[in-house]
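> Please work out how this folds:
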Amino acid sequence: MSNFSIEGSQTDWTVFSRTVAGHPPVFIRSRTSNPELRAFAEANVMTRLRCELPPEQLTENGLPQSTTELDDYEDKLIQALTERNAQTYLIAVVTGEGNRDLFWAGVEGSDVREVVRASSYNPSFKLKFADVDVDAKSTFLNGLTAPAEALERAKAQAAKGGGFFSRLMGRS
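Next up, the predicted model:
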C-alpha cells in the first residue's frame, strides 16, 4: 500500500526548530516532507499524543532534561503498533514548552489510543490525546513540515552523521 513504515527510517526525518514570539523554540522531528505520507495524513485521521512532563523533569526553557524515557515510550508505542499491523504512522514529533507531542496519521484513529490503553507501562509523564481538526489539517501539516532551507541543511548534516538537533531530540 505505501512506501513508508510506522516509525520511518533515519533518512525520512528532518529536524528543525520553530520559534513563536514570546516563547522559547520548539524542536520538530518530521517526515511530512514525504509527499506520499503527507497525502496519507491529509486523507486520514490525525491524532496528537501529548506527553506532558512534570516541572522537575524540565530545563528553564521547557525542554526535557533527559529524553530517555520519552524515547523508550515512543519505541514501545511503535513496537505495539507494528505488532498490530496498524495502518498508523508517526509523522512528526514536537518537543518544547514542557511537552513532547507525537503526531500520528492513521486509517483508524483509535489505534494509538487502544495501544496506550492496553499498555501496562506507566510513564512518569501525563498523556493527553487530541485529534487534529479536519478543516485545519493542511495548515497544521504545513507547520510540521520543514522549510526548504532546513531540508537542505538536514541532507548536508545527514551526510556528516547527524547533528545537534538530532541528539537533542533523542534520535541521531
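> Name the strands paired with the strand or helix carrying Leu127 and say parallel or antiparallel.
If you go by DSSP states H and E, Leu127 is part of strand 126-131. Strand partners for strand 126-131, identified by DSSP bridges, are recorded as strand 45-52 (antiparallel).
> Next, the buried residues of the strand it pairs with.
When neighbours are counted by 16 or more other C-beta atoms under 10 Å, the buried residues of strand 45-52 are found to be 45-51. In this view, the C-beta of every residue, glycine as well, is placed from N, C-alpha and C.
> cool, and stretch 96-110?
By 16+ other C-beta under 10 Å, the buried positions in stretch 96-110 come out as 96-106, 109.
> got a markdown table for the buried residues of strand 45-52, with pLDDT and distance to Arg29 too?
Output for the buried residues of strand 45-52, formatted as a markdown table (pLDDT from 0 to 100; distance: C-beta to C-beta, whole Å):
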| residue | pLDDT | distance to Arg29 |
| --- | --- | --- |
| Val45 | 93 | 21 |
| Met46 | 95 | 16 |
| Thr47 | 94 | 17 |
| Arg48 | 95 | 14 |
| Leu49 | 96 | 14 |
| Arg50 | 97 | 15 |
| Cys51 | 97 | 14 |
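> how about those residues in CSV, adding distance to Tyr73?
Putting the buried residues of strand 45-52 into CSV (distance: C-beta to C-beta, whole Å) gives the following:
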residue, distance to Tyr73
Val45, 21
Met46, 20
Thr47, 16
Arg48, 15
Leu49, 9
Arg50, 12
Cys51, 7
